[in-house]
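Visitor: here's a sequence, model it:
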Amino acid sequence: MSNRLLDYYNLHYKAIVDNYNEASLSFGVEALHDMRVAIKRIRSVNLLLTRLHGSEMTAKCQCSSIREIFRLAGKIRDLQVQLQLVTDTSSKLGITFFAYLRYLRKQEFKATRKMRIHRQNGDISGNLTKYYECSIVLINALNNQQISDEMFSLVADLFELVSSMRGQQTQDENFHEIRRRLKQCQYLLTVIDHSESKLPHVASTLKKLNKLNTLLGDWHDKHVAMEMLETFMKDKLLHSDPGKERYQFLLESIRKNRNCLVRSILKQLDVCCNQLSVH
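Guide: Numbers count the residues shown, from 1 in each chain. Down below sits the predicted model:
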């Protein structure tokens, strides 16, 4: 298990470095996405290390550069997704949204400029190297049994937390946190050897998680879409602007799609909370 965890960590650490170098220069959609996924996977490992070593030790391995890279890339990524969403919706409905597209492109330009400044002003490479070296020391200090036992325990706790949050809502109040926790489950389970006797159904569990996380990802995009469009309509559109009704129509179209996703997610969450088990 320790070798699998080391391989997993090395693979995704390299993905962070490679994709950051590309993303901070070209801001390509795939590079930004792949970098953020790699950071999420590394964070999941760090969550495991925190449980095994304690917060005082792992605090030394926290990297503010990774947090800032993740935040900046997330802003750009959200804007790129919204630009594509509005373009596709415009084509589908046969309605133009030039003012909103111009607004989104301006926001994207501001976000990419902030990431360029961050790259110029910080020793990203040095900070990432220190973070990597510290984490490798923590992983190497563990034996297979420690990692295996804590991995199963952590996944079980995450599932229990998700089940608890599901029981506290009627709509989508906790979806952001549920999505984050289920992603952690998904990433950690990919480290485990599927032949492990403690989790004989890991493959089917991952299949359920993939389906649910895809739905939650779509929900996130629609949730962000509504927030951005509402901000645009409030701050940038005048009551007298011609064609304002088209933006209200776009908002209602997104809301309808989001509500359908909410129903599907709640249904799938019930299935997962009742069936997913790590024992």
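
Visitor: how about stretch 162-182: buried residues?
Guide: By 16 or more other C-beta atoms under 10 Å, the buried positions in stretch 162-182 come out as 162-163, 165-166, 172, 174-175, 178-179, 181-182. Just so you know, the C-beta spots here come from the backbone N, C-alpha and C atoms, and that holds for glycine as well.

Visitor: any regions of the protein where pLDDT drops low?
Guide: Where the chain drops to pLDDT under 70, the residues are 56-62, 194-200, 238-242, 275-279.

Visitor: who's in contact with L250?
Guide: 86, 89, 95, 97, 100, 229 (C-beta atoms under 8 Å, 6 or more residues apart in numbering).

Visitor: which one of the buried residues of stretch 162-182 sits closest to Q80?
Guide: The nearest member of the buried residues of stretch 162-182 to Q80, counting by C-beta to C-beta, is R179 at 19.0 Å.

Visitor: follow-up on the earlier one: taking the buried residues of stretch 162-182, tell me the two that lie furthest apart.
Guide: Counting by C-beta to C-beta, the most remote pair of these is S163 and D172, 16.2 Å apart.

Visitor: returning to what we had before: any chance of a markdown table for the buried residues of stretch 162-182, columns secondary structure?
Guide: Shown next, in a markdown table, are the buried residues of stretch 162-182 (DSSP: H, G, I helix; E, B strand; the rest coil):
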| residue | secondary structure |
| --- | --- |
| V162 | helix |
| S163 | helix |
| M165 | helix |
| R166 | helix |
| D172 | coil |
| N174 | coil |
| F175 | helix |
| I178 | helix |
| R179 | helix |
| R181 | helix |
| L182 | helix |
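
Visitor: just those now: which is nearest I39?
Guide: R179 (15.3 Å).

Visitor: need the contact list for the closest residue to the closest one other than its chain neighbours.
Guide: Distance criterion C-beta to C-beta, 6 or more residues apart in numbering; nearest residue to R179, sequence neighbours excluded, is L216 at 4.1 Å. Residues in contact with L216 (C-beta under 8 Å, 6+ apart) are 175, 178-179, 182, 265.

Visitor: pull out the buried positions in the helix or strand that L216 is a member of.
Guide: L216 is part of helix 202-235, with elements assigned from DSSP states H and E. In terms of neighbour count (16+ other C-beta under 10 Å), helix 202-235 has its buried residues at 202, 205-206, 208-209, 212-213, 215-216, 218-226, 228-229, 232-233.

Visitor: next one: that helix to chain centre, how far?
Guide: 10 Å (C-alpha atoms, centre = their mean, to the nearest Å).

Visitor: hang on, the earlier thing: how close does the residue nearest to R179 get to K92?
Guide: Distance of L216 to K92, computed by C-beta to C-beta, to the nearest Å: 23 Å.

Visitor: one more: E177?
Guide: Computed with C-beta to C-beta, the distance linking E177 and K92 is 32 Å.

Visitor: check R77 too.
Guide: R77 is 22 Å from K92, where distance means C-beta to C-beta.

Visitor: among these two, which residue is more densely surrounded?
Guide: Using other C-beta atoms under 10 Å as the criterion, R77 and K92 rank with R77 on top: 21 against 9.

Visitor: in space, what's closest to the more buried one - neighbours in sequence excluded?
Guide: L32 (5.0 Å).

Visitor: hmm, back to that, would you reformat the buried residues of stretch 162-182 as a markdown table and include distance to G122?
Guide: As requested, these are exported to a markdown table (distance: C-beta to C-beta, whole Å):
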| residue | distance to G122 |
| --- | --- |
| V162 | 35 |
| S163 | 40 |
| M165 | 35 |
| R166 | 39 |
| D172 | 36 |
| N174 | 34 |
| F175 | 33 |
| I178 | 33 |
| R179 | 29 |
| R181 | 30 |
| L182 | 32 |
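
Visitor: now, which of the residues you listed sits nearest N143?
Guide: Closest to N143, out of all of the buried residues of stretch 162-182 and judged by C-beta to C-beta, is R181, at 26.8 Å.

Visitor: you'd agree the closest one is up against E160?
Guide: No: contact between R181 and E160 fails when scored by C-beta atoms under 8 Å: they sit 10.0 Å apart.

Visitor: kindly provide the distance from the closest residue in space to M226 that isn't next to it in sequence to A225.
Guide: Nearest non-adjacent residue to M226, counting by C-beta to C-beta, 6+ apart: I254, 5.5 Å away. As for I254, its distance to A225 is 5 Å (criterion: C-beta to C-beta).
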